[in-house]
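**Student:** below are the sequence and a predicted model for it; my questions follow.
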Amino acid sequence: MTYPDLSVATILNEYFIPVQVNVAEAEKLVEEFDAIWTPNLNILDGQKRVIYHTEGWLPPSEYAAMLITGLGHYALRKKRYQEAVSFYQEVHTKFPTSGFAPAALYYLGVGKYLESHNVEDLKESWIKLQRFYPQSSWAIRSDL
């Protein structure tokens with residue numbers, strides 16, 4: 001249901017090299033990535049370091065938001081701040097009701113700040129986060 005969805009398939013095909021593993025046949029990988037539940041998604045960099053991780057089934061719109069959030073994390077870790085900001089903005093704009101939207105707004109502020117070193121850029125995103133998602137754990141983290 002999730003992977004054949006057009007939005008999910010488009011993101012996977014454009015940005016990822018998807019690898020599906022049968023956990024019953026890949027005990028070494030299960031142990032290496034400390035997988036305790038499936039589906040288990042790990043976004044890795046070129047050195048096989050985990051950049052983003054999540055477990056459990058998600059419907060297509062949540063899965064798409066999660067993938068784009070993971071892309072933002074990848075770009076942020078690679079210090080490609082404008083690219084990261086673009087991904088986080090996409091989550092906030094296209095998936096405002098997603099469970100990933102508060103984290104995207106949080107890191108949108110982080111990415112803007114790391115690019116500009118202007119605290120106002122951070123505050124702008126975090127104020128939106130406080131307004132739109134006041135009950136989220138991300139709002140607590142961004143409480144200025």
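**Tutor:** That came in fine, so what should we check first? Residues are numbered from 1 along each chain as shown.

**Student:** can we go C-alpha only for contacts and neighbour counts from here?
**Tutor:** Noted.

**Student:** can you show me the strands along the chain?
**Tutor:** Under the criterion DSSP state E, strands of the chain are mapped to 40-44, 50-55.

**Student:** and the angle for the longest one with strand 40-44?
**Tutor:** An angle of 170 degrees separates the directions of strand 50-55 and strand 40-44 when computed by axes from the mean of the first three to the mean of the last three CA atoms, to 10 degrees.

**Student:** strands paired with strand 50-55, and their directions?
**Tutor:** strand 40-44 (antiparallel) (DSSP bridges).

**Student:** on that earlier part again, and among the strands of the chain, the most buried is which?
**Tutor:** Neighbour counts (mean count of other CA atoms under 10 Å) averaged over each of the strands of the chain peak at strand 40-44, with a mean of 18.

**Student:** save the strands of the chain as JSON lines, and put in mean pLDDT too.
**Tutor:** Formatted as JSON lines, those follow (pLDDT from 0 to 100):
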{"stretch": "strand 40-44", "mean pLDDT": "91"}
{"stretch": "strand 50-55", "mean pLDDT": "92"}
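
**Student:** mind putting those into JSON lines with distance to residue 138?
**Tutor:** Shown next, in JSON lines, are the strands of the chain (distance: least, CA to CA, whole Å):
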{"stretch": "strand 40-44", "distance to residue 138": "21"}
{"stretch": "strand 50-55", "distance to residue 138": "17"}
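
**Student:** with just CA atoms, put stretch 39-48 into CSV.
**Tutor:** In CSV, the C-alpha atoms belonging to stretch 39-48 read as follows (Å, rounded to 0.1, in the frame of the first residue of the first chain):
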residue,chain,number,x,y,z
PRO,A,39,9.4,-2.0,8.8
ASN,A,40,12.8,-0.6,9.8
LEU,A,41,14.0,2.3,7.7
ASN,A,42,17.6,3.5,7.8
ILE,A,43,18.9,6.4,5.6
LEU,A,44,22.6,5.9,5.3
ASP,A,45,25.4,8.1,4.1
GLY,A,46,28.2,6.9,1.8
GLN,A,47,30.1,5.5,4.8
LYS,A,48,27.2,3.4,5.9
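
**Student:** of all the strands of the chain, which one is nearest residue 8?
**Tutor:** Closest approach to residue 8 among these is made by strand 40-44 (13.6 Å; CA to CA).
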